[in-house]
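Asker: requesting a structural model of the entry that follows:
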Amino acid sequence: MKRIGVGLLASWALMASAQARDSLGVFGGWGAFHDAAGPRCYAIAEPTRTSAGKAGWRAFASVGTWPALRVRNQLHIRLSRERAPQAKVYLSIGERRFALVSGKSDAWAQDARMDAAIIAAMRSAATMSVESSSANGRAFADLYVLKGAATAMDAAVLGCAKR
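Answerer: The predicted structure follows:
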């Protein structure tokens, strides 16, 4: 339950005003930010390809660090649409496939060990995809290019360490 709480905190923080965040850099398709309100730092990207979702809905993948909570490199996925109540969410990176814990429209690693395995896989792959089924029963997938992800994740960790 604690993992979902931190993930919900990430969702809330991403909606906070741009004035509360400091850019730590943009690396490929990934950005790194420091949010003093948390305080937390995170790397974030939007999918390069997604199934069409609701207007105004923005899917993303983020990897966050909350020093005060002793949380480092925690994955959070905002799906491109709400998933069906019984649908599973899978993250595929290279040859690895991870079954994620999910809410209606968000997903996280099951535990810190899975987060570490996902981060390691992200560092050595070119792309990752998130798959599930939407409320209408149709399968969907969001594709992320990982170029710049490792550097953005490192910048986020260092950005919080310096503060």
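Asker: from now on I want contacts and neighbour counts done on CA atoms only, so please keep to that.
Answerer: Will do.
Asker: mind listing the helices for the protein?
Answerer: Here the chain has its helices, by DSSP state H, at 2-15, 112-124, 149-161.
Asker: between those, which has the poorest mean confidence score?
Answerer: Among those, helix 2-15 carries the lowest mean pLDDT, a mean of 42.
Asker: next one: stretch 144-160 to chain centre, how far?
Answerer: Averaging C-alpha coordinates over stretch 144-160 and over its chain gives two centres that are 11 Å apart (Cα atoms, centre = their mean, to the nearest Å).
Asker: then stretch 89-103?
Answerer: Shown here is stretch 89-103, whose average C-alpha point lies 12 Å from the average C-alpha point of the whole chain (Cα atoms, centre = their mean).
Asker: can I get the CA coordinates of that stretch in CSV?
Answerer: Only the C-alpha atoms of stretch 89-103 are listed here, as CSV (Å, rounded to 0.1, in the frame of the first residue of the first chain):
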residue,chain,number,x,y,z
VAL,A,89,-0.6,-4.0,-16.8
TYR,A,90,2.7,-5.3,-18.3
LEU,A,91,5.9,-3.4,-18.9
SER,A,92,8.2,-4.9,-21.6
ILE,A,93,11.9,-3.8,-21.8
GLY,A,94,14.1,-5.8,-24.2
GLU,A,95,13.6,-9.5,-23.3
ARG,A,96,12.2,-8.7,-19.8
ARG,A,97,8.5,-8.5,-19.0
PHE,A,98,7.2,-7.2,-15.7
ALA,A,99,3.7,-7.5,-14.3
LEU,A,100,3.0,-4.1,-12.6
VAL,A,101,0.7,-3.2,-9.7
SER,A,102,-2.0,-0.8,-11.1
GLY,A,103,-4.8,1.5,-10.3
